[in-house]
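Coordinates for the following, if possible.
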Amino acid sequence: MHNHAPENYKCPICLAIEGIENSDTLIKQSDIVYKDELATVFIGSFSIGSNPPQPIIVPNKHFENLYDLPTEYARHIQDLAQKVALAVRENYPSEGVMIQQNNEPASGQHAFHYHMHIFPRYENDNIHQNMTTKKNTTPEQRQVFVEKLKTFFKK
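Numbering: from 1, shown residues only. From the prediction side, this is the model:
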């Protein structure tokens, strides 16, 4: 229902979940913060404006968007979103969080695998105006945030 992935789509998120690192995905195994049987949390490859790279939650099974996502996965991802938001507030440190999940190209969905962003927010960060000024980050730059969030999940 309402799917837009082209035929023979190489899902970059599925590749990462499978442990594959190649030119079809920017996600590195070192970006993964948390993984269980249903979902994975990783630090995204891009920063938006002056905001640091953000955690992203994905189901481990391929579902293109919210319309396809089974309730069991949706509930689990929402539970994880709360934990990740608390981790972001404690460890970035941010002044708030914004959860964003896009469905279909008209809404800005860029990877055709359900994914939820947990953006750290700061006073006057202009994140909405900066959405088109994303910058690629290195695995080394992301590692700082990976380690901070991993520590939170070990508590």
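
Any stretches of the chain with poor pLDDT?
Of all residues in the chain, those with pLDDT under 70 make up the ranges 1.

Going along the chain, name the strands of it.
Remark: strands assigned in the chain by DSSP state E are 32-35, 39-43, 46-48, 55-59, 96-100, 116-121, 134-136.

Please enumerate the helices of the protein.
12-17, 71-91, 127-130, 139-154 (DSSP state H).

what angle do the second one and helix 139-154 make?
Think helix 71-91. Helix 71-91 and helix 139-154 are oriented at 100 degrees to each other (axes from the mean of the first three to the mean of the last three C-alpha atoms, to 10 degrees).

Report the angle between helix 71-91 and strand 116-121.
20 degrees.

Identify each buried residue in helix 71-91, please.
Residues of helix 71-91 classed as buried by neighbour count (16 or more other C-beta atoms under 10 Å): 73, 76-77, 80-81, 83-85, 87-89, 91. To be clear about C-beta, it is placed using only N, CA and C from the backbone, and glycine gets the same treatment.

what does it contact?
With C-beta atoms under 8 Å, 6 or more residues apart in numbering as the contact definition, helix 71-91 has outside contacts at 34, 38-39, 41, 54-55, 57, 59, 61, 63, 66, 69, 94, 96-97, 99, 114, 116, 118, 120, 145, 148-149, 151-153.

Kindly report the same for the last one.
Identification of contacts with helix 139-154 by C-beta under 8 Å, 6+ apart yields 28, 30-34, 41-45, 52-53, 55, 83-84, 86-88, 90-92.

quick one: the spatially most central residue of the chain and residue 119, what's the gap?
By C-alpha atoms, centre = their mean, the chain has its centre lying nearest to residue 56, at 1.5 Å. Shown here: residue 56 relative to residue 119, a distance of 10 Å by C-beta to C-beta, to the nearest Å.

same check, this time on residue 80
Residue 80 is 15 Å from residue 119, by C-beta to C-beta.
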